[in-house]
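Novice: just a sequence and a predicted model for now, questions to come.
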2 protein chains.
Amino acid sequence: MQTLIIVAHPEIENSPTQQFLKASLPADQVTWHELQANGKFDRQKELALLEQTDRVIFQFPFYWYSAPYILKKWQEEVFSGEQKQYRYLAGKELGLVVSLGQSLRHYQAGGSAQYSMSELLRPYQAFAAELDWRYCPPLLISNFSYLDEREKQDLLIRYQQFLTMKNPADFSEQGDWLLAQLATMGEQNSAQNGNLKLVSEQLEAQLTEYQKLTWEVAQIKLGEVD
Amino acid sequence: MQTLIIVAHPEIENSPTQQFLKASLPADQVTWHELQANGKFDRQKELALLEQTDRVIFQFPFYWYSAPYILKKWQEEVFSGEQKQYRYLAGKELGLVVSLGQSLRHYQAGGSAQYSMSELLRPYQAFAAELDWRYCPPLLISNFSYLDEREKQDLLIRYQQFLTMKNPADFSEQGDWLLAQLATMGEQNSAQNGNLKLVSEQLEAQLTEYQKLTWEVAQIKLGEVD
């Protein structure tokens, strides 16, 4: 699977979040594409990039309840004119990676932002629907600067899964993904022992949960649990 | 009341809708402000314009489910940094005038756009809420090019009311507004007889409705209607 990450941020070099994500990229099958504000986008070039891609990521900080304007400029200049021109791009996936300066609890009825992220991101969901792209549940990163090391490592894994897994929210696929990571790491004479330990811990937690579920299913079949 | 119309459109001169709206402007208390894409906005100048204004209008065509990027650029450059800087602008009103290339029935669950305009415009509603501005029910103009003359005249009136009335959706205020228009027109030695006739007709219809309502209220008080 090929993934194209479209990064919309006015100061990527000075953004700790973007620099962290950039350093977290998997080695293969991922293209990091920063949008620049100088002049018009080269429409044919951008469409060619999209054509080679299975999953498109819009990655941005949340400014006034949407992406920085450069992403909208890109949408308008690349997808100009009649939408039926873009039918050959149908079937792709759209994933959003959104960094927030506030915690998620602000984004709900009664919270300071009043609306959920699902509601505020509707224009992107409608964009995906119009192009006949599948809209993935977004990866929301809130208060990156307050994350401790362990949380950052968790984010790194979630981000890599978001970029490369077929169904990032699928439990058994997560297990497979982690096993594959472990195998790769085992092959390397690794200075990455910290990472390896973390991945092992996650896998252990997941397998435990899986075993519990399996046990519950067995009980239900025996008629002991309702 | 002072109203500032912020027009975000890449080709205002070639837009029949924008040209129609521009020609429909009331003579007083309204400022028409076109956003240009060359360079950064002069933040202090824009904030000064806002400070003199009671109602701010964002007027734009709906491109990929939001305003053209130039409006977002304006929002980001004018309202940069911490939001508490903008507390002195609290209490204003935000009204959206949105032109659509499709009819409104597309904008609902099951329609081709899947979501209602209320949902898709949430980012503007949240913007208003964060600045402590009142969000007005938007004026939506769909399929302008298919409107006949009568519908265009109706739009002209709705637009003028949207710009200048305290509560554009308030019935008795609409009556007052129309009466004021009639009075002004009567004072001019008017080549505007078409307009005058239209306004009279609208007023007559409204007054009839008002009379019916008054009658019903009276009946309710008499206990004859439940």
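Specialist: Here it is on my side, so go on. Residues are numbered from 1 along each chain as shown, chains lettered A, B, ... in the order given.

Novice: how about A:T17, secondary structure?
Specialist: Classification of A:T17 by DSSP: H, G, I helix; E, B strand; the rest coil places it in helix.

Novice: and it, what does it touch?
Specialist: Contacts of A:T17 were listed using Cβ atoms under 8 Å, 6 or more residues apart in numbering or on different chains, and they are A:61, A:99, A:141, A:144. C-beta: built from backbone N, CA, C; applies to glycine.

Novice: just put those in JSON lines and tack on neighbour count, distance to chain B and secondary structure.
Specialist: Below are the contacts of A:T17 laid out as JSON lines (neighbours: other Cβ atoms under 10 Å in any protein chain shown; distance: Cβ to the nearest Cβ, whole Å; DSSP: H, G, I helix; E, B strand; the rest coil):
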{"residue": "A:P61", "neighbour count": "19", "distance to chain B": "11", "secondary structure": "strand"}
{"residue": "A:S99", "neighbour count": "22", "distance to chain B": "15", "secondary structure": "strand"}
{"residue": "A:I141", "neighbour count": "21", "distance to chain B": "19", "secondary structure": "strand"}
{"residue": "A:F144", "neighbour count": "19", "distance to chain B": "18", "secondary structure": "helix"}
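
Novice: and stretch A:201-219, what's buried?
Specialist: By 16 or more other Cβ atoms under 10 Å in any protein chain shown, the buried positions in stretch A:201-219 come out as A:202-203, A:206.

Novice: dump that stretch to PDB, restricted to CA.
Specialist: Taking Å, rounded to 0.1, in the frame of the first residue of the first chain, the C-alpha atoms of stretch A:201-219 are listed here in PDB:
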ATOM      1  CA  GLU A 201       4.700  -4.600  26.200                       C
ATOM      2  CA  GLN A 202       2.000  -3.500  23.800                       C
ATOM      3  CA  LEU A 203       1.800  -6.800  22.200                       C
ATOM      4  CA  GLU A 204       1.600  -8.500  25.600                       C
ATOM      5  CA  ALA A 205      -1.300  -6.300  26.600                       C
ATOM      6  CA  GLN A 206      -3.100  -6.900  23.400                       C
ATOM      7  CA  LEU A 207      -2.600 -10.600  23.600                       C
ATOM      8  CA  THR A 208      -3.900 -10.600  27.100                       C
ATOM      9  CA  GLU A 209      -7.000  -8.800  26.000                       C
ATOM     10  CA  TYR A 210      -7.400 -11.100  23.100                       C
ATOM     11  CA  GLN A 211      -7.200 -14.100  25.400                       C
ATOM     12  CA  LYS A 212      -9.900 -12.600  27.700                       C
ATOM     13  CA  LEU A 213     -12.100 -12.100  24.700                       C
ATOM     14  CA  THR A 214     -11.600 -15.600  23.500                       C
ATOM     15  CA  TRP A 215     -12.400 -16.900  26.900                       C
ATOM     16  CA  GLU A 216     -15.600 -14.800  27.100                       C
ATOM     17  CA  VAL A 217     -16.700 -16.100  23.700                       C
ATOM     18  CA  ALA A 218     -16.200 -19.600  24.900                       C
ATOM     19  CA  GLN A 219     -18.300 -19.000  28.000                       C
END
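
Novice: ok now that stretch, how far from the chain's centre?
Specialist: 25 Å (Cα atoms, centre = their mean, to the nearest Å).

Novice: any idea of the mean pLDDT in that stretch?
Specialist: On average, the pLDDT along stretch A:201-219 is 76.

Novice: tell me the domain ranges of chain A?
Specialist: A:3-168, A:170-226 (automatic domain parsing).

Novice: nearest to B:Q2, of the buried residues of stretch A:201-219?
Specialist: A:Q202 (58.6 Å; Cβ to Cβ).

Novice: helices of chain A, start to end?
Specialist: Counting by DSSP state H, chain A has helices at residues A:16-23, A:43-51, A:69-78, A:117-120, A:122-131, A:149-164, A:171-187, A:193-222.

Novice: hmm, back to that, looking at the domains of chain A, which is nearest to B:K166?
Specialist: Nearest to B:K166, of those and by Cβ to Cβ, is domain A:3-168 at 24.4 Å.

Novice: determine how far the last residue of that closest one lies from the first.
Specialist: 13 Å (Cα to Cα, to the nearest Å).

Novice: gap between that domain and the chain center?
Specialist: Taking mean C-alpha positions (Cα atoms, centre = their mean), domain A:3-168 and its chain are 7 Å apart.

Novice: close to chain B: what parts of chain A are there?
Specialist: A:10, A:63-66, A:68-70, A:72-73, A:75-76, A:79, A:112-115, A:119-120, A:122-127, A:129-130 (Cβ under 8 Å from any Cβ of the partner chain).

Novice: now distance to B:Q18 too, for the helices of chain A, in JSON lines please.
Specialist: Shown next, in JSON lines, are the helices of chain A (distance: least, Cβ to Cβ, whole Å):
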{"stretch": "helix A:16-23", "distance to B:Q18": "37"}
{"stretch": "helix A:43-51", "distance to B:Q18": "25"}
{"stretch": "helix A:69-78", "distance to B:Q18": "17"}
{"stretch": "helix A:117-120", "distance to B:Q18": "27"}
{"stretch": "helix A:122-131", "distance to B:Q18": "22"}
{"stretch": "helix A:149-164", "distance to B:Q18": "41"}
{"stretch": "helix A:171-187", "distance to B:Q18": "50"}
{"stretch": "helix A:193-222", "distance to B:Q18": "55"}
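
Novice: and those: which comes nearest B:A23?
Specialist: helix A:69-78 (26.4 Å).

Novice: can you tell me what sits against the closest one?
Specialist: Residues outside helix A:69-78 that contact it (Cβ under 8 Å, 6+ apart) are A:6, A:8, A:10, A:35-37, A:40-41, A:43, A:46-47, A:50, A:58, A:60, A:66, A:127, B:10, B:63-64, B:66, B:68-70, B:72-73, B:75-76.

Novice: quick one: average confidence on it?
Specialist: 98.

Novice: buried only: go through the contacts of helix A:69-78 for me.
Specialist: A:6, A:8, A:35, A:41, A:46-47, A:50, A:58, A:60, A:66, A:127, B:63-64, B:66, B:68-70, B:72-73, B:75-76.

Novice: which non-adjacent residue is nearest A:P68?
Specialist: A:A8 (5.0 Å; Cβ to Cβ, 6 or more residues apart in numbering or on different chains).

Novice: equivalent analysis for A:S142, please.
Specialist: A:L100 (4.2 Å).

Novice: ok, residues contacting stretch A:170-189?
Specialist: So stretch A:170-189 is contacted by A:157, A:161, A:164-168, A:192, A:195-196, A:199-200, A:202-203, A:206-207, A:209-210 (Cβ under 8 Å, 6+ apart).

Novice: before we move on, what about stretch A:104-122?
Specialist: Residues from elsewhere that reach stretch A:104-122 (Cβ under 8 Å, 6+ apart): A:62, A:65-66, A:96, A:98, A:100, A:102, A:138, A:140, A:142, B:65, B:115, B:119-120, B:122-123, B:125-126, B:129-130.

Novice: and those, which of them are buried?
Specialist: A:62, A:65-66, A:96, A:98, A:100, A:138, A:142, B:65, B:115, B:119-120, B:122-123, B:125-126, B:129-130.
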